[in-house]
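Asker: Have a look at this prediction, sequence included:
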Amino acid sequence: MSVGLQTKYYWYTVGTGDFLHSFFSTIAVNLEGGEWGSRFPCLMKELYSGEIAPQRIVEAKAELSQIKKELEKLPPSEVVWDIERLDAKPPWGDSVSDSIADLSNYFVASEGEDLFEVFDAALSMAEEIGEPVKIVSL
């Protein structure tokens, strides 16, 4: 099942639900000490639970920027596939492209875009049109 970000009628493809959960799990374990949403509540609690309200978009964008900066300091080997099963590995195992230097560029959406760029595009559009951003499954 494919998931993406939606704001009004704009759609931004992410990939599978497991892939998106891995992105959030990696943040929770590596940047929040395993306490989901303790540092990045807009993205980790509000968006992951379903939606970020328009008035919280600016804060969500700031969180996204900070997350990217901090993930730049971590090697790809620190990826977390599932916070509930820390021993779980991605389907591709440890085999990643040489172009992936750290966790800030580890996550690539199903259409080949950097996941941070996908998130930023969705948040920027939501800010522009004054609509919430939602995680939607197709």
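Answerer: Arrived safely, thanks for sending.
Asker: can we go C-alpha only for contacts and neighbour counts from here?
Answerer: Will do.
Asker: Looking at the spatially most central residue of the chain now. What's its pLDDT?
Answerer: With distances taken as C-alpha atoms, centre = their mean, residue 23 lies nearest the centre of the chain, 4.8 Å away. pLDDT for residue 23: 97.
Asker: give me the low-pLDDT residue ranges for the protein?
Answerer: Applying pLDDT under 70 to the chain flags no residue at all.
Asker: can you map out the helices along it?
Answerer: 17-31, 41, 48-49, 57-71, 115-129 (DSSP state H).
Asker: Can you tell me which of those is nearest to residue 10?
Answerer: helix 115-129 (7.9 Å; C-alpha to C-alpha).
Asker: shouldn't residue 101 be in contact with residue 73?
Answerer: No. Residue 101 lies out of contact with residue 73 (C-alpha atoms under 8 Å); the separation is 9.6 Å.
Asker: more neighbours, these two?
Answerer: Neighbour count, other C-alpha atoms under 10 Å: between residue 101 and residue 73, residue 101 has more, with 15 against 12.
Asker: what about that one, distance to residue 64?
Answerer: Distance of residue 101 to residue 64, given as C-alpha to C-alpha, to the nearest Å: 19 Å.
Asker: cool, and residue 14?
Answerer: Relative to residue 64, and taking C-alpha to C-alpha, residue 14 is found at 15 Å.
Asker: higher neighbour count, those two?
Answerer: Taking other C-alpha under 10 Å, residue 14 and residue 64 do not tie; residue 14 has more neighbours (26 against 19).
Asker: List the residues that contact residue 64.
Answerer: 43, 116, 119, 120 (C-alpha atoms under 8 Å, 6 or more residues apart in numbering).
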